[in-house]
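Engineer: give me a model of this one.
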Amino acid sequence: HAGEFGAHRIYEGQMAVLGKTPVGPLLKEMHEEELVHKATFDKLMAENRVRPTVLLPLWDIAGFALGAGTALIGKEAAMACTVAVEDAIGDHYNSQIRELMEDDPEVHK
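Structural biologist: As a prediction, the model looks like this:
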């Protein structure tokens, strides 16, 4: 959830700087996809009565600052940031899947 929230704030920061440029529609589309992911996590957290991290206020500020900061450097830096964040989140999820499969392959098919 923290990763999805952070990515959401990164896109908001990027859109604050680049939203009205030619790359704006792409950022908007990517942000909308991230909002779907975040909504899924929000739903799962509520269903399982899980609290968000206490660091969420930090992710809020840091995510926006990272997005806006990279966008101020230029669209290439903003896209490089996005790719790096998505890769890190993907690696994290894959690591969690491997751990779950090692723990109990039958339960986590």
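Engineer: would you mark the buried spots in the lengthiest helix in the chain?
Structural biologist: Taking DSSP state H as the criterion, the chain has its longest helix at helix 75-103. Across helix 75-103, burial judged by 16 or more other C-beta atoms under 10 Å covers 75, 78-79, 81-82, 85, 89. Where C-beta positions appear, they are placed from N, C-alpha and C, glycine not excepted.
Engineer: which other helices and strands does that helix contact?
Structural biologist: Applying 3 or more C-beta pairs under 8 Å, 6 or more residues apart in numbering; DSSP states H and E, one finds that helix 75-103 contacts helix 2-18, helix 56-73.
Engineer: put together TSV for those, with distance to residue 109 on each row.
Structural biologist: TSV is the format used below for these (distance: least, C-beta to C-beta, whole Å):
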stretch	distance to residue 109
helix 2-18	24
helix 56-73	32
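Engineer: may I see the ones you listed arranged in CSV, with distance to residue 97 and mean pLDDT as well?
Structural biologist: Formatted as CSV, the helices and strands packed on helix 75-103 follow (distance: least, C-beta to C-beta, whole Å; pLDDT from 0 to 100):
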stretch, distance to residue 97, mean pLDDT
helix 2-18, 14, 92
helix 56-73, 23, 95
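Engineer: right, and those helices - which one's nearest residue 96?
Structural biologist: helix 2-18 (10.9 Å; C-beta to C-beta).
Engineer: run through the neighbouring helices and strands of the closest one.
Structural biologist: helix 24-47, helix 56-73, helix 75-103.
Engineer: how far does that helix sit from its chain's centre?
Structural biologist: 7 Å (C-alpha atoms, centre = their mean, to the nearest Å).
Engineer: re earlier: and the buried residues of helix 75-103, which is closest to residue 43?
Structural biologist: Nearest member of those to residue 43, counting by C-beta to C-beta, is residue 89, at 18.1 Å.
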